[in-house]
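take a look and give me a structure for this.
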Amino acid sequence: MTTFVLVPGFWLGAWAWQDVATALREAGHDVHPITLTGVAERAHLATPEVDLDTHTDDVVRLIEERDLHDVVLVGHSGGGMPVSQAADRIPERIAQVVYVDSGPLPDGMSQFDTNEPDERARLLKVIGDGHLLPPPPWDPAADPVNLAGLDESALATLRSRATPHPLRAATQPVQRRRHAKVRNALIACVIPLDQVRVMIAQGHPFFAEFQDGEVRGIATGHWPMLSEPAALAAVLTELAG
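This next block holds a predicted model:
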């Protein structure tokens, strides 16, 4: 039996992991999906002060309060940032970190920094004086690559259940502690697997902290927990083994 903690990316709560969690539990694993502060059913907690450290605290608190050990800590997309920081804080409890269509950003870089300058400017204009990052429109015609594999039911669920994400969780830079080395792995979806391997070898910032871990691929869009939950659960089980 493996203990999994599943951290969603931006705009999503623990609900997004439902099918993956079910498959993992049916295989005999202990699974703990988490909803981060200010999102989904915790959206009422989305104050301007909620940031990346808040979300890191969420992950660490769940692991410590439930007294979990040998955890496979899974972070999807923007969930890779609190996952990285949590693993740095409690490495003695973490067996492996798995980044799902994400990567361990280097010290001093934020998720917001991964956008092109024009996109950053557009988002800041949309946000204005607010403190929340609105979800995308979930329009496959406008975003066919990221939304690949999602059927109409999944798209409808995203449109109805996705909530704005605390902005400072996206703009606060990652702060890495390198006192302990935790085994890691990466599951690539949007970027082809061969290209990811080249980017890792070249020291691309998206994967700057990757520590020679295993790299796997699932041919789907950016939300594999909704488009390919069985395949994602199978890869997670394989990596944990």
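
quick one: Ile191 from Phe207, how far?
Ile191 sits 10 Å away from Phe207, going by Cβ to Cβ, to the nearest Å. C-beta here means a position set from N, CA and C on the backbone, and glycine is covered the same way.

for Val71, same thing?
As judged by Cβ to Cβ, Val71 and Phe207 stand 22 Å apart.

hang on, the earlier thing: need the residues touching each of Ile191 and Phe207.
Met199 (Cβ atoms under 8 Å, 6 or more residues apart in numbering).

neighbour count: the two, which is higher?
Between Ile191 and Phe207, Phe207 has the larger neighbour count (other Cβ atoms under 10 Å), namely 23 against 17.

neighbours around the closest residue to Ala208 other than its chain neighbours, how many?
Spatial nearest neighbour of Ala208, excluding adjacent residues (Cβ to Cβ, 6 or more residues apart in numbering): Pro106 at 3.9 Å. Look at Pro106: counted by other Cβ under 10 Å, it has 17 neighbours.

correct me, but Pro106 touches Val174?
Yes - the criterion here is Cβ atoms under 8 Å, and Pro106 meets it with Val174 at 7.3 Å.

same for the strand or helix carrying Phe4, what does it pack against?
Per DSSP states H and E, Phe4 falls inside strand 3-7. Packed against strand 3-7 by the contact rule (3 or more Cβ pairs under 8 Å, 6 or more residues apart in numbering; DSSP states H and E) you find helix 18-26, strand 30-33, helix 52-65, strand 71-76.

tell me the SS of the residue nearest to Ala208?
coil (DSSP: H, G, I helix; E, B strand; the rest coil).

send me stretch 163-183 as PDB with only the CA atoms.
Taking Å, rounded to 0.1, in the frame of the first residue of the first chain, the C-alpha atoms of stretch 163-183 are listed here in PDB:
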ATOM      1  CA  THR A 163     -13.300  29.000  -8.800                       C
ATOM      2  CA  PRO A 164     -10.900  31.900  -8.900                       C
ATOM      3  CA  HIS A 165      -7.500  31.300  -7.400                       C
ATOM      4  CA  PRO A 166      -5.700  33.500  -4.900                       C
ATOM      5  CA  LEU A 167      -3.400  35.700  -6.900                       C
ATOM      6  CA  ARG A 168      -0.500  35.700  -4.400                       C
ATOM      7  CA  ALA A 169      -0.300  31.900  -4.700                       C
ATOM      8  CA  ALA A 170       0.700  32.500  -8.300                       C
ATOM      9  CA  THR A 171       2.900  35.500  -7.900                       C
ATOM     10  CA  GLN A 172       4.900  34.600  -4.700                       C
ATOM     11  CA  PRO A 173       8.200  33.100  -5.800                       C
ATOM     12  CA  VAL A 174       9.100  29.600  -4.700                       C
ATOM     13  CA  GLN A 175      11.700  29.400  -1.900                       C
ATOM     14  CA  ARG A 176      13.600  26.200  -2.000                       C
ATOM     15  CA  ARG A 177      15.500  24.500   0.800                       C
ATOM     16  CA  ARG A 178      18.200  22.100  -0.400                       C
ATOM     17  CA  HIS A 179      19.000  20.400   2.900                       C
ATOM     18  CA  ALA A 180      17.500  17.100   1.900                       C
ATOM     19  CA  LYS A 181      17.100  15.300  -1.400                       C
ATOM     20  CA  VAL A 182      13.700  13.800  -2.100                       C
ATOM     21  CA  ARG A 183      13.200  11.400  -5.000                       C
END
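
alright, calling it a day.
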